[in-house]
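Trainee: Sharing a model that was predicted from the sequence below.
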Amino acid sequence: MTSGSMASCIQMLSVQPDTKPKGCAGCNRKIKDRYLLKALDKYWHEDCLKCACCDCRLGEVGSTLYTKANLILCRRDYLRLFGVTGNCAACSKLIPAFEMVMRAKENVYHLDCFACQLCNQRFCVGDKFFLKNNMILCQTDYEEGLMKEGYAPQVR
């Protein structure tokens, strides 16, 4: 994370009927609901703890929120605004910081681009693939290449 930013945990708590109602950090009203959220050492109505960009209810999208530049953000918007982007090793197009990727050594790929570069067979997490001269290859194409020119395997 960049400096000045913070990831914080969101806790959903049951309101105990015999306790004095807590004040909401979002709307400053008393929380009389059955549940409340605790985040950033403050208490919130479920409807009041929202992402400053997309307005999603942060208690519903996960257990983490992000803060930077006085903004409270969901993970997706935090990464969209402040995350590091890079280029796909296969298509050279930009990979947005919030997008899921596949990695092979120092290369990063869009999920759709993570495929054998000879036959276009797509790989999933956990599938066996081979890396030869920075090319991703399926087992069949790799073994055919081995028989043609004899190179050592790098199973990943």
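Mentor: Looks like it came in fine.

Trainee: Okay, the spatially closest residue to residue 96 that is not a sequence neighbour and residue 35: tell me how far apart.
Mentor: Ranked by C-beta to C-beta, 6 or more residues apart in numbering and with sequence neighbours excluded, the top spatial neighbour of residue 96 is residue 85, at 6.0 Å. C-betas here are computed from N, CA, C, even on glycine. Per C-beta to C-beta, to the nearest Å, residue 85 is found 37 Å from residue 35.

Trainee: show me what contacts the residue nearest to residue 96?
Mentor: 94, 95, 96, 97 (C-beta atoms under 8 Å, 6 or more residues apart in numbering).

Trainee: For the first one, grab the count of nearby residues.
Mentor: Using other C-beta atoms under 10 Å as the criterion, residue 94 is surrounded by 12 other residues.

Trainee: and it, how far is that from residue 110?
Mentor: Per C-beta to C-beta, residue 94 is found 10 Å from residue 110.

Trainee: Then residue 40?
Mentor: In terms of C-beta to C-beta, residue 40 sits 34 Å off from residue 110.

Trainee: do residue 128 as well
Mentor: On the measure of C-beta to C-beta, residue 128 and residue 110 end up 20 Å apart.

Trainee: swap in residue 55?
Mentor: According to C-beta to C-beta, residue 55 and residue 110 sit 28 Å apart.
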